[in-house]
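# 3D, please:
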Amino acid sequence: QYFMTGDIQETLRFYFSTGGTIGLILAVNNYMGRSVYVPDVPESTNRIIVDFAEGLKRKQDVGFVALSDDYKFEPTNGVCACVDAQLRNSPNSWPGVQSLEGYPPHFHIKNMLVHESLRQQGLGSTLIESFEKWAREETDAEMMTLEVEET
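Prediction:
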C-alpha cells in the first residue's frame, strides 16, 4: 500500500482495517474449531471454473473481473483476477439461491482468484472494493459474507 500511495498514514489505516478484519474472521473461525483450508492451484482452478461459470450461466451469481493487457493473459481474453458472489436473503435474490436465517440481505462471496504473478499488489483489494461499491449502489445488500470450509 505504501508503495502505491506514498502515504504512511493511509498505509497504516489500510493495514489495521484490512488486517484487523481478516484477523478477526480467522480468530472467530479458529475459536469455533474450524480451520482455514487453502486449496492447491489445480483444485482452485477447477473450483473457480465450475462454480464461477455455472453460477453466472444460471444467473444466480454476479461476477467481477480484472483485465490485463499482458500477453500471457491472451488465452483468457485478459482476465487476470475474478470474484463471484450471490445475493442472498433479499426479495431480489435469484430463484434457488440459498438463504440464511437471521441475516439481512447480503452478498456471499463464493470465489476469488488473483493470478499468482499479480498477488500482493492490491488487485484483489481493488476488485473487492469495486464489487462492494457496486453492491451498495445497485442492490439492497447490507453486508458481505465469506465462508471458510473445514478440511
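# I'd say F131 and F64 touch.
Yes: checked against CB atoms under 8 Å, the pair F131 and F64 is within contact range at 4.9 Å. Every residue, glycine included, has its C-beta placed from N, CA and C.
# So for these two, which residue has more residues nearby?
In this view F131 and F64 are compared by other CB atoms under 10 Å, and F131 has more residues nearby, 20 against 17.
# Spell out the secondary structure type for C80.
Each residue gets one of three states, and C80 gets strand by DSSP: H, G, I helix; E, B strand; the rest coil.
# Tell me which residues touch it, please.
In this structure, C80 makes contact with A66, L67, S68, D70, F73, V114, H115, L118, L123, judged by CB atoms under 8 Å, 6 or more residues apart in numbering.
# Just the buried ones among these, please.
With burial judged by 16 or more other CB atoms under 10 Å, the buried subset of those is A66, S68, F73, V114, H115, L118, L123.
# Can you lay out the residues you listed as JSON lines showing distance to F107, pLDDT and secondary structure?
Compiled in JSON lines, these are given as follows (distance: CB to CB, whole Å; pLDDT from 0 to 100; DSSP: H, G, I helix; E, B strand; the rest coil):
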{"residue": "A66", "distance to F107": "18", "pLDDT": "85", "secondary structure": "strand"}
{"residue": "S68", "distance to F107": "25", "pLDDT": "87", "secondary structure": "coil"}
{"residue": "F73", "distance to F107": "26", "pLDDT": "80", "secondary structure": "helix"}
{"residue": "V114", "distance to F107": "19", "pLDDT": "88", "secondary structure": "strand"}
{"residue": "H115", "distance to F107": "23", "pLDDT": "88", "secondary structure": "coil"}
{"residue": "L118", "distance to F107": "23", "pLDDT": "86", "secondary structure": "helix"}
{"residue": "L123", "distance to F107": "19", "pLDDT": "88", "secondary structure": "helix"}
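# and A66, how far is that from V83?
A66 sits 9 Å away from V83, taking CB to CB, to the nearest Å as the criterion.
# for N77, same thing?
In this structure, N77 and V83 are separated by 17 Å, where distance is defined by CB to CB.
# Okay then, goodbye and thanks.
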